[in-house]
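In: My questions are about this predicted structure, shown below with the sequence.
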Amino acid sequence: MSHSPCPIFLSGEPFSSQDHKHEPLLLLLSLLMATLNSLLSRLSSYPTLHQFDQIHAHYITSGLLRSTFVANHLLKSSTFLSPDLTLVLFSQLDYPDLFSYNIAIKSLSQTSHPLKSFALYLSLLIRGFHPNEYTFCFLLDCCSNSLAHLQGRQLHAQLIKHGLNLTMFSSTSLLHTYGCCGSLHDAYQLFDEMPIRSNVSWGAIINNFVTHGELLRGLKLFTLMFRSGFSPTNATLVAILCLCAKQGELDIGRAMHGYIVASGLELNMMLGTSLIDIYSNCGLIGTAMEVFASMPVKNVASCNCLIFGLAKNGHGVKALELFEQMKQELKVRPNGVTFLGVLQACTYAGLVENGVQYFIQMSRDYGIMPSLKHYGCIVDLYGKAGKVKEAMEVIRTMPMNPDNVIWVALFSACRTHGYRELGELMSASFIKLGADDSCGYILLSDAYAIRKRFDDVICIRRMMREMDIKKVPGFSSTC
DNA sequence: TTAGGGTTAG
């Protein structure tokens, strides 16, 4: 341990190494600090609740907890366990300092009521503390997590008041908060005024535009970032790739892929999975498979992504082969999402029996309880195969209420496989329930049109107009 | 003397 001349505060009393009459006491303190350092180092990694409780108890019995510095270490380590635990500990502090307040505010940002942190902010001001950049970063996290635009603006004013508005960390946090609250103009203005920027601040502003669907503006900034001498972080690349996958921007996705290869970046889980998503969404399933094969490490998300890609590109059997490979060769444990992909693959390949077996396997072998989405897949599996009665039986026996998606799957099956009257009856009941999903109306109107009941078709279409229900136009994401 | 900004994936 170092014998720093820095005063150590125990019970509020400062001792200095320069004070000779306290030499025996200092020796004792040295021993105490050695023990303390050893204990603090045990807290520096991720403690288990049991370890935490042991150290907490030791601090209480030894009286060490009366030191705010020691209490702060305990407070910090409690954040690895639960924000509620941190807040309880904070409430028990007799003399919290700014550090303690900051940790408590940070913990509140991770709870379901982040804006309670403003009461702590007020309290620290009343106690005469001067908030620092940490305080504002954590408070802004609270605003971002609760989409509190007004409070974000109030903090902006406080930052100006405390002379911290142009610093890197607080500006980046603030522009992120503005972005989260949809205030892209404010975010951009702030970014524009920043005297110094980092690749994180570039990433934050690009992410703001990209997450709001403004791919071109994001890309413009992406180019500008290179010109300013900054390189994108993985987070920035993945944000752009995600939007490319969503919007079917194959050329941009390919250019990003080219950049990743040229700059020698490792195709990690995030980047690899995003590329698989783009290529499979754009119909280039072969390239998606090549990307998957070139990934040095695969996890459940990358496997799931390719299983879905194969299924929706009409390679149901290959998707099931990958599922088996995932379990046996890659030793990756499937999750609930994997089974959604597997069930969809069975539906597209018409493998009803296999699908039912996988549905059983999911809970029996992996302990995954089927969700509404899994039941939806089974209804669709039976429905598309013309087994309408089995599909109805699933709906009758499932432990939760069916949603619109499940009803629409059943209506479609009725229409496709000749159960027209049943489909009409269900669509009519669905509409009577006051559903605002356009599918029920469209299916019923189609059913009437097939039977040349055009007066009824007009009636349904009029109802849709009056209730302002619009059919979502079809679109293709392939290029 | 302890903390920090963006974090993205079926």
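Out: Good, I have the coordinates. Since this is a predicted model, take the numbers as computed values, not measurements. Numbering: from 1, shown residues only, chains lettered A, B, ... in the order given.
In: Can you name the helix or strand that A:Asp468 falls in?
Out: With elements taken from DSSP states H and E, nothing contains A:Asp468; it lies in neither a helix nor a strand.
In: no no, A:Glu321
Out: Element membership for A:Glu321 (DSSP H and E) is helix A:316-328.
In: What is that helix packed up against?
Out: The helices and strands touching helix A:316-328, judged by 3 or more C-beta pairs under 8 Å, 6 or more residues apart in numbering; DSSP states H and E, are helix A:300-312, helix A:336-349. Just so you know, the C-beta spots here come from the backbone N, C-alpha and C atoms, and that holds for glycine as well.
In: got the ones you listed as a markdown table, with mean neighbour count and distance to DNA strand B columns?
Out: Below are the helices and strands packed on helix A:316-328 laid out as a markdown table (neighbours: other C-beta atoms under 10 Å; distance: least, C-beta to the nearest atom of the strand, whole Å):
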| stretch | mean neighbour count | distance to DNA strand B |
| --- | --- | --- |
| helix A:300-312 | 24 | 2 |
| helix A:336-349 | 23 | 4 |
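In: And the ones you listed: which comes nearest A:Ser412?
Out: With C-beta to C-beta as the criterion, A:Ser412 lies closest to helix A:336-349 of the helices and strands packed on helix A:316-328, at 12.0 Å.
In: can you list the residues of the stretch 101-250 of chain A near DNA strand B?
Out: Of all the residues in the stretch 101-250 of chain A, those in contact range of DNA strand B (C-beta under 7 Å from any atom of the strand) are A:102-103, A:106, A:132-135, A:137, A:141, A:144, A:167-170, A:172-173, A:176, A:197-201, A:203-204, A:207, A:211, A:233-239, A:242, A:245.
In: Check the stretch 301-450 of chain A too.
Out: Taking C-beta under 7 Å from any atom of the strand as the criterion, the contact residues of the stretch 301-450 of chain A with DNA strand B come out as A:Ala301, A:Ser302, A:Cys303, A:Asn304, A:Cys305, A:Ile307, A:Phe308, A:Val337, A:Leu340, A:Gly341.
In: For those residues, give me CSV that also has pLDDT.
Out: Formatted as CSV, the entries for these read as follows, by pLDDT from 0 to 100:
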residue, pLDDT
A:Ala301, 94
A:Ser302, 95
A:Cys303, 96
A:Asn304, 96
A:Cys305, 96
A:Ile307, 97
A:Phe308, 96
A:Val337, 95
A:Leu340, 96
A:Gly341, 96
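In: ok, how many other residues are close to A:Arg350?
Out: Wrong residue type there; residue A:350 is Gly, not Arg. The local packing of A:Gly350 (other C-beta atoms under 10 Å) involves 13 other residues.
In: Please state the backbone phi and psi of A:Gly163?
Out: Taking degrees, to the nearest 10, you get phi 70, psi 30 for the backbone angles of A:Gly163.
In: A:Ser231 - that's part of a strand, no?
Out: No. The assignment for A:Ser231 (DSSP: H, G, I helix; E, B strand; the rest coil) gives coil, which keeps it out of a strand.
In: Which residues are in contact with the closest residue to it other than its chain neighbours?
Out: Excluding the flanking residues, the one nearest A:Ser231 by C-beta to C-beta, 6 or more residues apart in numbering is A:Asn199, at 6.3 Å. Counting by C-beta atoms under 8 Å, 6 or more residues apart in numbering, A:Asn199 makes contact with A:Met225, A:Phe230, A:Ser231, A:Pro232, A:Thr233, A:Thr236.
In: Just the residues of the stretch 101-250 of chain A next to DNA strand B: which are in helices?
Out: A:102-103, A:106, A:133-135, A:137, A:141, A:144, A:168-170, A:172-173, A:176, A:199-201, A:203-204, A:207, A:211, A:234-239, A:242, A:245 (DSSP state H).
In: Of those, select the buried ones using a PyMOL command.
Out: Buried residues within these, by 16 or more other C-beta atoms under 10 Å, are selected in PyMOL with:
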select buried, chain A and resi 102+103+106+133+134+135+137+141+144+169+170+172+173+176+199+201+203+204+207+211+234+236+237+238+239+242+245
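In: In a markdown table, list the contacts of A:Asn199 along with pLDDT.
Out: Shown next, in a markdown table, are the contacts of A:Asn199 (pLDDT from 0 to 100):
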| residue | pLDDT |
| --- | --- |
| A:Met225 | 94 |
| A:Phe230 | 94 |
| A:Ser231 | 92 |
| A:Pro232 | 93 |
| A:Thr233 | 91 |
| A:Thr236 | 93 |
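In: most surrounded residue in those?
Out: Ranking the contacts of A:Asn199 using other C-beta under 10 Å puts A:Thr236 first, with 24 neighbours.
In: And the pLDDT at whichever residue of the stretch 1-150 of chain A sits closest to DNA strand B?
Out: With C-beta to the nearest atom of the strand as the measure, the residue in the stretch 1-150 of chain A that lies nearest DNA strand B is A:Glu133; the distance is 2.4 Å. The confidence metric pLDDT takes the value 96 at A:Glu133.
In: That one touches A:Thr172, doesn't it?
Out: No. Taking contact to mean C-beta atoms under 8 Å, the distance of 10.5 Å between A:Glu133 and A:Thr172 leaves them out of contact.
In: just the helices in the stretch 1-150 of chain A please.
Out: In chain order, the stretch 1-150 of chain A shows helices spanning A:23-44, A:49-62, A:68-78, A:83-91, A:98-109, A:117-126, A:133-145, A:149-161, with DSSP state H, counting those that start in this stretch as the criterion.
In: The second one close to DNA strand B?
Out: No. Applying C-beta under 7 Å from any atom of the strand, one finds that helix A:49-62 is not in contact with DNA strand B, the shortest distance being 13.4 Å.
In: Can you check what angle separates that helix from helix A:68-78?
Out: Our comparison of helix A:49-62 with helix A:68-78, counting by axes from the mean of the first three to the mean of the last three C-alpha atoms, to 10 degrees, yields an angle of 170 degrees.
In: Give the other helices and strands that helix A:49-62 contacts.
Out: With contacts defined as 3+ C-beta pairs under 8 Å, 6+ apart, the packing partners of helix A:49-62 are helix A:23-44, helix A:68-78.
In: ok, of the ones you listed, where does mean pLDDT dip lowest?
Out: helix A:23-44 (a mean of 60).
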